[in-house]
Every structure is written in C-alpha cells, then in structure tokens.
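# When you get a sec, could you give me coordinates for this:
(one chain, ligands or ions: 2)
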Amino acid sequence: MQFIDRAVIEVEGGKGGDGIVAFRREKYVPAGGPAGGSGGDGGSVILEAVESLQTLLDFQYAHHISAKKGDRGGTSNRTGAAGSDRLIEVPCGTVVYDAETGEPLGDLVEPGHKLCVAKGGKGGFGNRHFLSNRNRAPEQALPGKTGEQRRLRLELKLLAEVGIIGLPNAGKSTLISALSSARPKVADYPFTTLVPNLGVVRKPTGDGTVFADIPGLIAGAHAGLGLGQDFLRHIERTRVLIHLINFTAADPIADYQTLQQELQAYGRELPTRAQIIALNKCDAVESQRQDAIAAQFSQITNAPIFTISAVTRRGLESLLQTVWQTLDTSLSSQVRSGDKDEGLTGSSSH
Ligand SMILES: Nc1nc2c(ncn2[C@@H]2O[C@H](COP(=O)(O)OP(=O)(O)OP(=O)(O)O)[C@@H](O)[C@H]2O)c(=O)[nH]1
Ligand SMILES: [Mg+2]
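Ligands and ions are numbered 1, 2, ... in the order given. Reported below is the predicted structural model:
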C-alpha cells in the first residue's frame, strides 16, 4: 500500500562574507600595502538520507531553512570564516524536485546519501586581492554573494505499516481520523469508504508511521466479492493489523470470524500477520456486555484485545502503545529472517 507524502520547503545558502579594505600599518613601514582579507564563503544547505526517519512529517512546520553566512574578511589579509553547512535529515527514498520548475534534483536512496540543494554564496574579495603593479593601493573590495535560494518539493513513497481492517461500519475511518490528520468520510452505513485512506500517526519517538484504513472487506472478499480483493493484496505489505470489531453488532465474535476466514482463504502471509483486536464503540455498549464479549474473545485468540471508542478516544493510547511494541518486535524478527534470506540469495547466485 503506497501513498505519496509531500512537503514543500524553502532553502537558502548562507551569504558570503564581505571583503574589506584595509592597509597594513606597521611601525617603521611608512606606507603599508593593502591587507583587507576576503569574506568567507556562506554555508550550503545539504540534504542527507537517514534510516531513522520514515515520513516527511517534520517538514510540515519547517518551511524555511537556511545555512550560516560567511564572516567578513579581516585585517592583515585574513579570510573570514566560512559559514557552516546546514544538514537536513530526510527519510531514505526521498525524491527532491525544484518546486518552481518541476526539475528533479536528486533521489536520496541509501542512508548517508547527500545532496546539496542550495549552495552558499562566495565570499567577496578584500582589497589585497586587487593588488597589482599598476595599483599598489587598491581601495576596492567586493561584497559577498548571496546564497542560492530555492523552493523544493520533497516526495516520498510511503508504505503503510499498520492496516486497520474490519467489516464495513466497524469504525475504521473514524479510528484513522482520531489517530492521524486523515479525514475520510464517516457515515452510518456500510461501504462508505471505497478506497484505502492513509494517515501518518506520530510515534512517541517522534517520527511517523503510516496507518491504512482498509475498506470493503466482507465475506467472500478473497474470491472477489465486494471491493476487498485488491485491498487484501495491499495489506500483504503491512506489518501489523488492527482488527476492528463493532461492539454494537449482533454477534461480534461471528464478525471477527468472518474476517479471519477471509484472511485464511486469501493465504500468503496474511493469516500469520501480527494482529491486535480492538473492540470499538464501547461508549455505546453497557459495561457488562463489554466484559462478556471481551472474555469470549480472549477464549478464541491469543492476540492482544483492547476495548476502545474511536469517538470518545477511550483506550486509544494503550492501543497505540501495543502497536508500537508489536512493530518493534516484528521489525527485529524481520531483521533476523532478512539475514537468513541474504544467506540464501548468496548461495544461489553464482
Ligand atoms: N458510538 C460510536 N460510534 C462510532 C464509533 N466509531 C465509529 N462510530 C460510528 O460508526 C459508523 C461507521 O463509522 P465509519 O468510521 O464510517 O466506519 P468504517 O469502518 O470506516 O465503515 P466503511 O467505510 O463503510 O467500511 C459512523 O456512524 C460512526 O460515527 C465509536 O467509537 N462509538
Ligand atoms: Mg470507512
């Protein structure tokens, strides 16, 4: 399941430092020569791909990013200090465009890849630079050049890591609205949502994780009924599923089983995908019935079970905590099986 995360930012290289006009004034030297140093170059803005970011969430608020300017030249022919570069971390896979012309500027794929997006301005020459046989005492110095300025469009293809599944009307779209800035239509009838919605949910560690609201799963979806078959294919790429159950339904257990059977029938890796069960709409169910249903669920599954309300937000914090933990666990087991895969590829590629 992919969608494009976008951000527009302005970047500006630092201005070069000005060159200065100065003359040597030393004891016993009647007419000192020119000694005005040149300005230092301005710093550049450089993007760098890092593994620790997965989304462009951080750029929603950082619109203008500039590097430091270079210092003025000094007396005694000293060049001003260069302005330091400004390094901006972006997720691996970020594609960078000039926002005005649409021209692609680069593709930051591997961690450590860097791209200079706004060069700092050159420092201006001090008068010492203009010393020549014809002009022994130049009075001329140049100002530093301004840094490059650009509007950039950053684009990143996102993979949804968490899929929210459940029968129509379970509250999937309501839940993704409560957790992220996605605003899909919510209504009290089935099949309100026709295509998956994605939303970025911020982790406690800061970066975002992509959640997908997967609509249209009904009995028979694996065989092409409803809208669901395509979407089942999409959730193959997620790492954790939140199975959302409508607490107010006549038979929540049967609803759960219907969807589980779809996952089984579809096969691939879906039946073994990590799952978390969220019993939704608890605000509309009296607590005795809540307890009874939750107890029934704990009889038939080992998955963690949460009682939530996407409307009042009850239980959402604990649900998210378990999502983060499950993602961490599935990541470390993926790394282990990734090692194994590498070994296999290695042995077969001769
Ligand atoms: N009382 C209550 N109602 C809820 C809750 N969550 C969702 N609803 C209501 O349930 C109905 C369906 O919600 P949606 O979020 O559209 O459900 P969905 O799973 O996205 O449905 P489809 O898009 O049709 O698959 C709406 O009327 C929601 O207001 C909840 O926690 N409590
Ligand atoms: Mg919906």
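# Can the helix or strand hosting Glu262 be said to contact ligand 1?
In this assignment (DSSP states H and E), Glu262 forms part of helix 252-266. No: in terms of Cβ under 6 Å from any ligand atom, no part of helix 252-266 sits within range of ligand 1; the closest distance is 11.4 Å. (Glycine included, C-beta is placed from N, CA and C.)
# ranges for the strands of the stretch 51-200 of the chain?
64-66, 86-91, 94-98, 104-108, 114-118, 149-159, 162-165, 197-202 (DSSP state E, counting those that start in this stretch).
# Looking at the ones you listed, which one is packed in the most?
Mean neighbour count (mean count of other Cβ atoms under 10 Å) peaks for strand 162-165 among the strands of the stretch 51-200 of the chain, with a mean of 28.
# circling back to that earlier point, and the next element down the chain from the helix holding Glu262?
strand 274-280.
# which strands and helices sit next to that next one?
For strand 274-280, the packing partners by 3 or more Cβ pairs under 8 Å, 6 or more residues apart in numbering; DSSP states H and E come out as helix 172-179, strand 240-246, helix 287-300, strand 305-307, helix 316-348.
# related to what we said a few turns ago, save the strands of the stretch 51-200 of the chain as TSV, and put in distance to Thr55 and mean pLDDT too.
As requested, those are arranged in TSV below (distance: least, Cβ to Cβ, whole Å; pLDDT from 0 to 100):
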stretch	distance to Thr55	mean pLDDT
strand 64-66	17	94
strand 86-91	6	94
strand 94-98	10	94
strand 104-108	14	93
strand 114-118	19	97
strand 149-159	6	89
strand 162-165	13	93
strand 197-202	5	87
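# Can you check which of these gets nearest to Gln275?
strand 162-165 (8.8 Å; Cβ to Cβ).
# what about dumping the CA coordinates of that closest one to CSV?
Taking C-alpha atoms only, strand 162-165 is exported to CSV below (Å, rounded to 0.1, in the frame of the first residue of the first chain):
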residue,chain,number,x,y,z
VAL,A,162,-0.3,-0.8,10.1
GLY,A,163,-3.5,-1.9,8.5
ILE,A,164,-6.9,-1.2,10.1
ILE,A,165,-9.3,-4.0,9.0
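# hmm, who's touching it?
Strand 162-165 has contacts (Cβ atoms under 8 Å, 6 or more residues apart in numbering) with 1, 172, 175-176, 201, 209-214, 217, 234-235, 238-244, 259, 323, 327.
# still on that earlier bit, between the helices and strands packed on strand 274-280, which gets nearest to ligand 1?
For ligand 1, the closest of the helices and strands packed on strand 274-280 is helix 172-179, at 3.3 Å, according to Cβ to the nearest ligand atom.
# How about that closest one and ligand 1, touching?
Yes: using Cβ under 6 Å from any ligand atom, helix 172-179 comes into contact with ligand 1 via 172-174.
# could you pick out which of the residues you listed are near ligand 2?
Ser173 (Cβ under 5 Å from the ion).
# What is the neighbour count of the residue nearest to Ala67 when sequence neighbours are not counted?
Spatial nearest neighbour of Ala67, excluding adjacent residues (Cβ to Cβ, 6 or more residues apart in numbering): Gly43 at 3.4 Å. Residues lying near Gly43 (other Cβ atoms under 10 Å) number 25.
# check which helix or strand covers Gly43.
Using DSSP H and E, Gly43 sits in no helix or strand.
# Ala82 is in contact with that one, correct?
Yes: using Cβ atoms under 8 Å, Gly43 makes contact with Ala82 at a distance of 6.9 Å.
# what's the overlap in contacts for the two?
Taking Cβ under 8 Å, 6+ apart as the criterion, Gly43 and Ala82 both touch 70, 120.
# Spatially nearest residue to Pro206 (excluding sequence neighbours)?
In this structure residue 206 is Gly, not Pro. Asp58 (7.9 Å).
# how many neighbours does the one you found have?
17.
# ok, now Ala223?
Ala223 has 12 nearby residues by other Cβ under 10 Å.
# any idea how far it is from ligand 1?
19 Å (Cβ to the nearest ligand atom, to the nearest Å).
# can you give me phi and psi for that residue?
Note on Ala223: its backbone torsions stand at phi -100, psi 10 [degrees, to the nearest 10].
# Isn't it up against Gln261?
No: using Cβ under 8 Å, Ala223 makes no contact with Gln261, being 11.4 Å away.
# So which residues on the stretch 151-300 of the chain come close to ligand 2?
Counting by Cβ under 5 Å from the ion, the stretch 151-300 of the chain sits next to ligand 2 at 173, 192-193.
# okay, the residues you listed in a markdown table with pLDDT next?
Listed next are those as a markdown table, based on pLDDT from 0 to 100:
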| residue | pLDDT |
| --- | --- |
| Ser173 | 93 |
| Thr192 | 77 |
| Thr193 | 77 |
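# I'd like those residues laid out as a markdown table, including distance to Gly39.
Converted to a markdown table, these look like this (distance: Cβ to Cβ, whole Å):
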| residue | distance to Gly39 |
| --- | --- |
| Ser173 | 57 |
| Thr192 | 62 |
| Thr193 | 58 |
